[in-house]
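> give me a 3D structure for the following:
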Amino acid sequence: MKIKIENRKEEIVTTSSKLFKEKGFSAVSMRDIAQSLGIKAASLYNHITSKQEILSIIIIGVAEKFTSGMDRIVNSDDDTISKLEQIIELHVNVTVNNADALGSLNNDWMHLLEPELSYFLKLRSQYEESFRQIIKLGVKQGELEPLNVEVMLFSVLSTLRTLYLWYAKKEGVDTKELVVQMKKVLLRGIVLKP
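Model prediction:
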C-alpha cells in the first residue's frame with residue numbers, strides 16, 4: 001500500500017513539474033494538476049498537502065542533487081580541469097533526468113516559502129562558491145587562463161543553467177556525446193588553435 005501511495009505522489013510531482021514548466025507555478029492550480037492526472041482535485045490532498053509542497057519537493061530535490069554532486073567533486077583529489085569536466089557532466093545528467101524540474105528551479109524558486117526558500121538560497125550560494133573556488137584554484141595553479149573569475153563562472157554556469165531549455169527542443173540527443181561536446185566548447189572554446 002505504501003508503494004502505491006509513494007508512486008502516486010511521484011506521479012503528482014512529475015505531472016506538476018511539466019505543468020509548472022509549461023505555464024509557470026503561479027498559473028497552475030491544484031485543479032489543473034488533478035485534471036492532468038485524471039482525478040478529482042480533492043483526491044490530491046490524500047497524497048500532498050499543497051501546491052507549495054509540490055514546488056518545494058521539485059526545487060529542493062534538484063538543488064540537493066546538484067549540491068551533493070558538487071560536494072563529491074570538490075572533495076576529490078582531481079585537478080581543476082577534471083573537476084570542471086565533472087561539473088559539466090553533472091549538469092548534463094541532472095538536466096537529462098530532470099528537465100521539467102529545472103524549469104521550476106530556475107523560474108519558480110522565488111515562490112518558495114520559508115524555511116525552504118532560505119534553504120534553497122543557501123544551497124545555491126554554496127554551489128556557486130564551490131564552483132568559484134575551483135576556478136580560482138585553477139587560475140592560481142596555472143591550469144586556467146588568468147581571466148576574471150566572475151566572468152568565467154558566469155559564462156559557464158549560465159550555459160549550464162539554461163541547458164534544460166535547449167535540451168527540451170532536441171530529440172534523440174546522445175547524452176554521452178553531449179557531455180563530450182560541452183566539455184570541449186565550454187572549456188576549450190570553439191576557435192581552432194594555429
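> contacting residues for L102?
The contact partners of L102, by Cβ atoms under 8 Å, 6 or more residues apart in numbering, come to 62, 94-95, 163-164. C-betas here are computed from N, CA, C, even on glycine.
> what's the closest of the residues you listed to H111?
Among the contacts of L102, V62 lies closest to H111 (Cβ to Cβ), at 14.8 Å.
> using PDB, write out every CA atom in the helix or strand hosting the closest one.
V62 is located in helix 51-74, with elements delineated by DSSP states H and E. In PDB, the C-alpha atoms belonging to helix 51-74 read as follows (Å, rounded to 0.1, in the frame of the first residue of the first chain):
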ATOM      1  CA  LYS A  51       0.900  23.200  -4.400                       C
ATOM      2  CA  GLN A  52       3.600  24.800  -2.300                       C
ATOM      3  CA  GLU A  53       4.700  21.400  -1.000                       C
ATOM      4  CA  ILE A  54       4.900  20.100  -4.600                       C
ATOM      5  CA  LEU A  55       7.100  23.100  -5.600                       C
ATOM      6  CA  SER A  56       9.400  22.500  -2.600                       C
ATOM      7  CA  ILE A  57       9.800  18.800  -3.400                       C
ATOM      8  CA  ILE A  58      10.700  19.700  -7.000                       C
ATOM      9  CA  ILE A  59      13.100  22.500  -6.300                       C
ATOM     10  CA  ILE A  60      14.800  21.200  -3.200                       C
ATOM     11  CA  GLY A  61      15.200  17.800  -4.700                       C
ATOM     12  CA  VAL A  62      17.000  19.100  -7.800                       C
ATOM     13  CA  ALA A  63      19.100  21.600  -5.800                       C
ATOM     14  CA  GLU A  64      20.200  18.800  -3.400                       C
ATOM     15  CA  LYS A  65      21.200  16.600  -6.400                       C
ATOM     16  CA  PHE A  66      23.500  19.500  -7.700                       C
ATOM     17  CA  THR A  67      24.900  20.100  -4.200                       C
ATOM     18  CA  SER A  68      25.700  16.500  -3.400                       C
ATOM     19  CA  GLY A  69      27.300  16.200  -6.900                       C
ATOM     20  CA  MET A  70      29.400  19.300  -6.300                       C
ATOM     21  CA  ASP A  71      30.400  18.100  -2.800                       C
ATOM     22  CA  ARG A  72      31.800  14.900  -4.400                       C
ATOM     23  CA  ILE A  73      33.700  16.900  -7.000                       C
ATOM     24  CA  VAL A  74      35.100  19.400  -4.500                       C
END
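> what's the lowest-mean-pLDDT helix or strand in the chain packed up against?
Least confident helix or strand of the chain, by mean pLDDT, DSSP states H and E, is helix 2-23 with a mean of 86. Here helix 2-23 touches helix 30-37, helix 51-74, helix 99-107, going by 3 or more Cβ pairs under 8 Å, 6 or more residues apart in numbering; DSSP states H and E.
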